[in-house]
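J.: I'll drop the sequence and a predicted model, then ask my questions.
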Amino acid sequence: MQSASDEWFDEAYYQRFYFDKKTSVIDPEHAQRLGAFVCSYLAYLRVPVRRVLDVGCGIGLWREAVARHFPGASYQGVEYSEYLCQRYGWERGSVVDYRPRDGEPFDLLICQGVLPYLSPADLKTALANLGRLSRGGLYIEAVAREDYERDIIDEELTDPRLFRHRAELYRRGLQPHFKELGGGVWLSRRAELPLFELECLGG
């Protein structure tokens, strides 16, 4: 079982899933609401956000939300797609083994729609890498097998090549490094911030 090939993420892929209104999975209004939620929640928790990494940044939908809610914070977009790196100027890299040039962790880490493209072995490595890369907030979006079983996935729009990992596989890889806060938001265990017991899933 191999992870997605870099050949998948060519111009045709982004035309289908991003640019063609008939088949696009991108909803700009949803992206704005999501960005406002994540950034506002981290601001409420008083997570100091100065460095942001968007790994698997796509066309850069998060950049505007970061600039609006955390003016002055640096935004680093990293992409596996050579096509997008050439088109938008992103740094090329993978969530599996990406390391920043300066070696410093990030205050906000965004990983949206990337992890289901990874094989179980690569997923385990990537989740540990997210732990190394973060010292603050993490936003994860990844469809799980349970989402298919509950019939809340539009399979006509969803890439059929995604792995259908169980949600527990994601949580098991993240929990040594993060506290789950809900809504896809996690907080690094390195962040020295007081949280009420009921703010963390499972205590």
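T.: Cool, the structure landed.

J.: What residues of the lengthiest helix in the chain count as buried?
T.: Using DSSP state H, we find that the single longest helix of the chain is helix 28-44. Within helix 28-44, the residues scored as buried using 16 or more other Cβ atoms under 10 Å are L34, G35, V38, C39, Y41, L42. Where you see a C-beta, it was placed from the backbone N, CA and C, and this is true even at glycine.

J.: Same question for stretch 42-62.
T.: 42, 45, 47, 49, 51-62.

J.: out of the residues you listed, who's nearest F19?
T.: I59 (8.6 Å; Cβ to Cβ).

J.: Tell me which helix or strand that closest one sits in.
T.: Applying DSSP states H and E as the criterion places I59 outside every helix and strand.

J.: Let me see the contact set for it.
T.: Y14, Y18, I26, L84, Y88 (Cβ atoms under 8 Å, 6 or more residues apart in numbering).

J.: so what's the third one closest to, chain neighbours aside?
T.: If I follow you right, that is I26. Y18 (5.5 Å; Cβ to Cβ, 6 or more residues apart in numbering).

J.: quick one: the one you found from R161, how far?
T.: Going from Y18 to R161 by Cβ to Cβ, to the nearest Å gives 16 Å.

J.: For the longest helix of the chain, what is the distance to the chain centroid?
T.: Computed by Cα atoms, centre = their mean, to the nearest Å, the separation of helix 28-44 from the middle of its chain amounts to 13 Å.

J.: Kindly report the same for stretch 81-95.
T.: Worked out by Cα atoms, centre = their mean, stretch 81-95 lies 15 Å from the chain centre.

J.: What of stretch 92-112?
T.: 11 Å.

J.: next one: stretch 138-146
T.: 9 Å.

J.: Identify all contacting residues around that stretch.
T.: 38, 108-116, 130, 153, 158, 162, 164-167, 170, 174, 178, 184-188.

J.: now these: which count as buried?
T.: Neighbour-count burial (16+ other Cβ under 10 Å) applied to the contacts of stretch 138-146 gives 38, 108-116, 130, 162, 165, 170, 174, 178, 184-188.

J.: among those, which are in strands?
T.: L108, L109, I110, C111, Q112, F178, V185, W186, L187, S188 (DSSP state E).

J.: What residues does the last one make contact with?
T.: Meaning S188. Going by Cβ under 8 Å, 6+ apart, the list of residues near S188 reads P105, G131, S134, R135, G136, G137, L138, H177, F178.
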